[in-house]
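# Provided below are the primary sequence and the corresponding predicted coordinates.
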Amino acid sequence: MTTRIGKAFARRTRPLLIACLVAGDPGYHDSLALLREIDTAGANIIELVMPFSDPVADGPVMQEAIRRALMSGMNTDALFSLIRDFREISETPILILTYANVVMQRGITAFYREAAQAGVDGVALADVPVEEADPFCRAACDAGIDPILFISQTTSEERLLRIVSRGGGFLYLVAALGVTGVRGEIDPATIECIGRVKKVSSFPLVPGFGIGSQEQVRAYSRTGVDGVIIGSAIVNEIHDQVGQPEKMRDAVGRKVRDLVASLG
Amino acid sequence: MIESTRFGVYGGCFVPETLMAALEELESGFRTIVPGKEFREEIDYYLHEFAGRRTPLTFCRNMSRDLGCRIYLKREDLLHSGAHKLNNALGQALLAKCMGKSRLIAETGAGQHGVATAIAGAALGMRVEVYMGEEDISRQALNVIRMKMLGATVVPVTSGSRTLKDAINEALRDWVANVRDTHYLIGSVVGPHPFPTMVRDFQTVIGKETRSQILAREGRLPDAIVACVGGGSNAIGMFTPFLSDSTALFGAEAGGEGLDGRHGATLCGGRPGVLHGTYSYLLQDAFGQILESHSVSAGLDYPGVGPEHSYLKDSMRVTYRPVTDREAIDSFLYLSKTEGIIPALESAHAVSLARNIAGEMEKDDILIINLSGRGDKDVAHVAAVTGVCV
Ligand SMILES: Cc1ncc(COP(=O)(O)O)c(C=O)c1O
């Protein structure tokens, strides 16, 4: 069965833009409005971060957004409700990015089943490497959800093959050594890694972490990747405008439109 | 990973993909370098000539008379640096050096592990950066000064509860960004595989010495052993050589204000989940968000615990009980006055639990308390809390 994520990659004529928001940042209703905004601005897939209190893979911008969202009362119930509300107006594919404990405390099977019912297409877990992925991947597949796995420049050949054989949707390439947050340059080791992966797999490959500028997006498009994930650069626009919902939406929408334009 | 990463269902390797290569490299170094003759000779030199092992097993005449059984203290407070943490810091620092790393990072709560890492770094010629929550920096000021004098950089952590949990988050973030030249020297039996196994092995020297000391002295094994449990390294290091014997084993957790209030008693008051790379008991809400812990002792103020302790709890081999802040402070003063030994507040939790257990023991029964550290770092704090004028 192909999910909305699989179909989006199959149909693509240029690299896709995966735009990221933190669920409930800065509040539930703002968050719903922002989802609509990035959708109409041209995001091809939406990555929705479900906040976790101890986000070890995240840099300062994401940490702050996660804190705002938790303060506003975001939790797993509210996450699924937010996605159901969004599904009333849009069919754009959604993946959830969160941490293992959020899924485990819901019950692994229950989490994926509820997610599928709410209209989620993929789930990525920042602290679940392929060694720990089996129970999550199984529950995801049973629910018709893509289990999205990560690779990085430090991933060995042997593990890469295991990851490709277990994962679904696309390969999430951690494009910078370190936490989320915008960086200036593209790490040459990441470019080399893209070549390495493309040799062994035709699975869609999408870099994320550290990408924020139009130049970076253009540079990545030339490497043959199937999309780019933009996280902190979008979330940062929210940070600067908290308390001014309209300005916030405008800034986020403008950022997404600019990035879409540079994908060619 | 080649070895099993689990203790029963607990443990594992829940980390970002970027760290997996570093953990595999570490596991391989631990498996191949540590058992080698050269490493054994080096670590023996540092433990004995430099750190002052072996530490005494002191028979406590006054406490034994007072409590009505034979009480011994394993004196990790007399180890160089003032706590057991140095056993692990020297082991890991030496391993990191053999693996070609030039930089050590560490988290610290009470500051004892930060001091131990700073000492190991100075002795072995490696750069050291220590992450420490702002809250802990203010309650453990003496150790902050010691770290700086030893040449380490102390990085204040301002996120979350500004204690040990947040310091570990920051250290993990640093490690993800700098895996190529940096070793993350975790201070307890927590974190992803291979840390819980590796830290246990470096701390097991405590239990091995204790076993031969008590056999030499009493001709038999102890009836009970008590240790405090933060992450659980001094406890596991003490318990491991006794696990297949009939000795009763007890772990004292941070009961804080009591289990109805704020506390750090993860095993007594938590449920299993994933934090900092491992599946183990945790303090968390219904949605899996981690709760802030509380303890008067910075070294026990952590909402997680080592995965092997979760296994030992479920299998009922070890009994874990909470000790409140007030009980710990009372035992801090009790040991100081009764035996002339000022314990770390962490270790005072073990003393308190031992005083309770002693009530159920016979006159000739042997009870060993692992005195994990000395209390110099805590005297100002205890003076302030109890209103003693200094
Ligand atoms: C003296 C002392 N004892 C115990 C602990 C708790 O750690 P663990 O449970 O790993 O022994 C600490 C931690 O800082 C400490 O300084």
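Yep, that arrived.
# and the residue of the stretch 101-250 of chain B found nearest chain A, how many neighbours?
The minimum distance from the stretch 101-250 of chain B to chain A, using C-beta to the nearest C-beta, falls at residue B:177 (3.2 Å). For every residue, glycine as well, the C-beta is placed using N, CA and C. The number of residues packed near residue B:177 is 16, by other C-beta atoms under 10 Å in any protein chain shown.
# Likewise for the one 10 residues further on?
Counted with other C-beta under 10 Å, residues neighbouring residue B:187 total 31.
# same thing with residue B:62?
13.
# same question for the helix or strand that contains it, mean pLDDT?
Residue B:62 is located in helix B:61-67, with elements delineated by DSSP states H and E. Mean pLDDT, computed over helix B:61-67, is 98.
# and what of stretch B:215-233?
Mean predicted confidence for stretch B:215-233 is 98.
# Can that stretch be said to contact the ligand?
Yes - using C-beta under 6 Å from any ligand atom, stretch B:215-233 comes into contact with the ligand via B:228, B:229, B:230, B:231, B:232, B:233.
# first to last residue in that stretch, what's the distance?
23 Å (C-alpha to C-alpha, to the nearest Å).
# Identify each buried residue in that stretch, please.
B:221-233 (16 or more other C-beta atoms under 10 Å in any protein chain shown).
# mind checking how far that stretch is from the chain centre?
In this view, stretch B:215-233 has its centroid 15 Å away from the chain centroid, taken as C-alpha atoms, centre = their mean, to the nearest Å.
# do stretch B:295-302 as well
11 Å.
# Can you give the contact residues for it?
B:109-112, B:136, B:139-140, B:163-165, B:190, B:228-231, B:253-254, B:256, B:263-264, B:266, B:293-294, B:325, B:328-329, B:344-346, B:348-349, B:373, B:378, B:381, B:385 (C-beta atoms under 8 Å, 6 or more residues apart in numbering or on different chains).
# Narrow these to just the buried residues.
Buried among the contacts of stretch B:295-302 (16+ other C-beta under 10 Å): B:109-112, B:136, B:139-140, B:163-165, B:190, B:228-231, B:253-254, B:256, B:263-264, B:266, B:293-294, B:325, B:328-329, B:344-346, B:348-349, B:373, B:378, B:381.
# Okay, and which of these map to helices?
Using DSSP state H, B:112, B:136, B:139, B:164-165, B:266, B:325, B:328-329, B:345-346, B:348-349, B:381 are the members of the buried ones among the contacts of stretch B:295-302 that sit in helices.
# Please see if stretch A:9-29 touches chain B.
No - using C-beta under 8 Å from any C-beta of the partner chain, stretch A:9-29 never reaches chain B; the gap is at least 12.1 Å.
# Start and end of that stretch, how far apart?
30 Å.
# residues in contact with residue B:156?
Contact analysis of residue B:156 by C-beta under 8 Å, 6+ apart lists B:132, B:133, B:134, B:137.
# where does chain A dip in pLDDT?
A:1 (pLDDT under 70).
# average pLDDT across stretch B:355-362?
Averaging pLDDT along stretch B:355-362 gives 97.
# So which bits of it are buried?
Buried-residue list, stretch B:355-362, by 16+ other C-beta under 10 Å: B:355, B:356, B:357, B:358, B:361.
# cool, stretch B:114-128 as well?
Going by 16+ other C-beta under 10 Å, stretch B:114-128 has these buried residues: B:114, B:115, B:116, B:117, B:118, B:119, B:120, B:121, B:123, B:124, B:126, B:128.
# Show me the two of those residues that sit farthest apart.
Using C-beta to C-beta, the two most remote members of these are B:114 and B:124, lying 15.9 Å apart.
# Can you tell me which residues in chain B are near the ligand?
B:83, B:109-110, B:112-113, B:188, B:228-235, B:299-300, B:344, B:346-347, B:372-373.
# re earlier: so can I have a markdown table of the buried residues of stretch B:355-362 showing secondary structure?
Output for the buried residues of stretch B:355-362, formatted as a markdown table (DSSP: H, G, I helix; E, B strand; the rest coil):
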| residue | secondary structure |
| --- | --- |
| B:355 | helix |
| B:356 | helix |
| B:357 | helix |
| B:358 | helix |
| B:361 | coil |
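# List just the nearest of these to the ligand.
Nearest to the ligand among the buried residues of stretch B:355-362: residue B:355, at 17.6 Å, using C-beta to the nearest ligand atom.
# Quick one: residues contacting the closest one.
B:67, B:331, B:334 are the contacts of residue B:355 under C-beta under 8 Å, 6+ apart.
# Could the C-alpha coordinates of whichever strand or helix holds residue B:323 be exported in PDB?
According to DSSP H and E, residue B:323 maps onto strand B:318-324. Provided in PDB are the C-alpha atoms of strand B:318-324 (Å, rounded to 0.1, in the frame of the first residue of the first chain):
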ATOM      1  CA  VAL B 318      17.500  -5.800  45.300                       C
ATOM      2  CA  THR B 319      15.000  -3.900  47.500                       C
ATOM      3  CA  TYR B 320      14.700  -0.200  46.800                       C
ATOM      4  CA  ARG B 321      13.300   2.200  49.400                       C
ATOM      5  CA  PRO B 322      12.900   6.000  49.500                       C
ATOM      6  CA  VAL B 323      14.700   8.200  52.100                       C
ATOM      7  CA  THR B 324      13.400  11.700  52.600                       C
END
